[in-house]
Every structure is written in structure tokens, then in C-alpha cells.
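In: Coordinates for the following, if possible.
(2 chains)
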Amino acid sequence: MSEPLVGVVVAHSELAAALLAAVRAIAGEDVGLVAVSNTGCDRAALMRSLDAAIAGRPAVIFTDMAGGSCAFTASALARGRGDVKVVTGVNLAMLVDFAFHRTLPVAEAARRAVEVGRTAVGAVEK
Amino acid sequence: MSLVLYRIDDRLIHGQVVVGWGQRLGLAFIVLVDDAVRANVWEQELYRMGVPGAMDVVFATVAEAAPRIAEWEADARKGLLLTGDVETMVALCAAAPAVRKVNVGGIHAREGRTERLRYVFLSETEAQQLAALAARGVEVTAQDLPTAKPVPVAELL
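Out: Below you'll find the predicted structure:
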């Protein structure tokens, strides 16, 4: 079996660490996720943090806001790398699901995360 | 309404700019003055994806931007001009004396810089460049978001 994917959550302020704590509370400790904050980082510094978090492994990078500095930097890092995919608009549902599907091929894992994440968003009617 | 903010921000187009300032000021366009981004079509596409569909983004070098300041200032819509570093803003101000106000929005830690505010780190050269701008009559203040209080340049030196 190939190496399980690593998931890197990169977000503003303390959001990534908080999401990871929530995933661990639901799914347990071995979830294959790393948190990165953009606090105090320009794009070059954030790129170095992301690179260190991925550490050459196949990865899905989950970013908070499409169009933010996290998404931009993640997209720049993933450009030209087939083993790194970027998913924007991270939510808890997609991360919990990802924790249990880390042996999927990276592109499939990213597609699945988007699908699960979208399904999790909705208005409660009653 | 013209260019309502000339901002230095090393994250260039990002959430604070598009949402923090954009929503509050009702921005309709952003002018990104950066020679490297101007030369990189892929980066431009990425930046365009990051802004609402109704917001225009213009990419320009300093040489291209300077002669167009009057045009943007005469625009009926509100716009924000952005550079990624002090040096580029200083070059723009030198080429376009019509720029009278500069916002230091975000310059992060790097070797050779010291902390002036939580979101402003400057080298001595950068601090001197900003002081020189102010000495020429340009109003230089630091302010990350419109809800924050502007900090006069003297407090950054």
C-alpha cells in the first residue's frame, strides 16, 4: 500500500489548530492532519511553513477562504505537483471524512473532500 | 469616487483587502502594482479568482501605473491601489506626485526587519523611506483594517 496522504489545514489565526482539535475529538488521534496558521507570515514565510508541513509527502491542502493568502500560497505550492491538491472552504465534515480516507489517490481524496464538505452545508428547515 | 486607498501589503490581494476594506468601502476595482505579478499570467488568474466577480482587477508595473493615476482618480467607482513593498510604493509616489496618502497595511517579519506594530515590521531602510515620503508631504499611516485606528508614521520609526 502506498503512503497514506497527509492533510495540511492552513487558515487564518487559530482556525486550523481548532479544527484539528475538533477532528481529534471526533475521530481520535491518528488523523494524518497538520495545522498551519498564516499569522505573522508573508507569502514566502507561509510557503516555507506549508513546505515543512508537507515534507515531501503526497498531500491535500485544506484552506479556509478561496481567494485568501492561504489559498493563494497553497495553490502556488501545488502548481506543477501532481501529488499535492488544494481544497478551499475547509469544514469539519470534510476533515473527519478525510481522516478515514487517506489511502485514496490524492486527486480522488480532494474530490471526495469537496463533495463531503458541500453535502455538509445546508439550512436546517425545522 | 477615485482611488480611496494606496496600500502597502505584502500579502497583496487577500481577505483583509477584498473583504475587510472591500466590503466596508464598497470597492469596485483593485489596481495591483507589482512588476513580478504583471509578468506572470498564472498569478494574475489566481488573483482574479480571489475577488468577487463584480470587482475589476488591474495589473500594472510602476511605469504603467504612474501615468494612469489621474484616470483612476477620475473613475466614478471606488478603487484601491496595492503594492507589495515599501520600495514599490516609494517608486510610484516618485513617478506620480498625485499620490498624497499611503496606508501601511501589512509588512511581515523578515530578517533585518524589526517589529513596529503587530502587522508592521520594517528594516531601517524601509523606515527611512517612509519617513522621507512623509517629509515630502505624503500622509503615511499604518492601519490593517478600516475598523482600526490609523497609526501615524512617526510611531513606526
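
In: quick one, helices of chain A?
Out: Taking DSSP state H as the test, the helices found in chain A are A:15-27, A:43-54, A:69-78, A:92-99, A:106-119.

In: what about A:R24, neighbour count?
Out: Counted with other C-beta atoms under 10 Å in any protein chain shown, residues neighbouring A:R24 total 15. In short, each C-beta sits where N, CA and C put it, glycine included.

In: Not counting residues beside it along the chain, what's closest to it?
Out: Leaving aside its sequence neighbours, A:R24 sits nearest to A:V31 (C-beta to C-beta, 6 or more residues apart in numbering or on different chains; 6.1 Å).

In: B:V41: what's it in contact with?
Out: For B:V41, the contact set (C-beta atoms under 8 Å, 6 or more residues apart in numbering or on different chains) is empty.

In: Repeat that for B:E64.
Out: B:R38.

In: so it sits in a helix?
Out: Yes - judged by DSSP: H, G, I helix; E, B strand; the rest coil, B:E64 forms part of a helix.

In: Flag the helix or strand of chain B with the lowest per-element mean pLDDT.
Out: Least confident element among the helices and strands of chain B, by mean pLDDT, DSSP states H and E: helix B:15 (a mean of 89).

In: Mind giving me the packing neighbours of the next helix or strand along the chain from that helix?
Out: Later in the chain than helix B:15, the nearest helix or strand by DSSP states H and E is helix B:22-25. Packing partners of helix B:22-25 (3 or more C-beta pairs under 8 Å, 6 or more residues apart in numbering or on different chains; DSSP states H and E): strand B:78-83.

In: Listing partners with orientation, what would you give for the strand it packs on?
Out: Sheet pairing of strand B:78-83 (DSSP bridges) gives strand B:2-9 (parallel), strand B:29-33 (parallel).

In: Which elements pack onto the helix or strand following that strand?
Out: The first helix or strand that comes after strand B:78-83 along the chain, using DSSP H and E, is helix B:86-95. Secondary-structure packing of helix B:86-95 (3+ C-beta pairs under 8 Å, 6+ apart): strand B:2-9, helix B:62-65, strand B:78-83, helix B:124-135.

In: center of chain A, which residue is that?
Out: For chain A, the residue nearest the mean C-alpha position is A:F62 (2.3 Å; C-alpha atoms, centre = their mean).

In: So it sits against A:V6, correct?
Out: No - using C-beta atoms under 8 Å, A:F62 makes no contact with A:V6, being 11.0 Å away.
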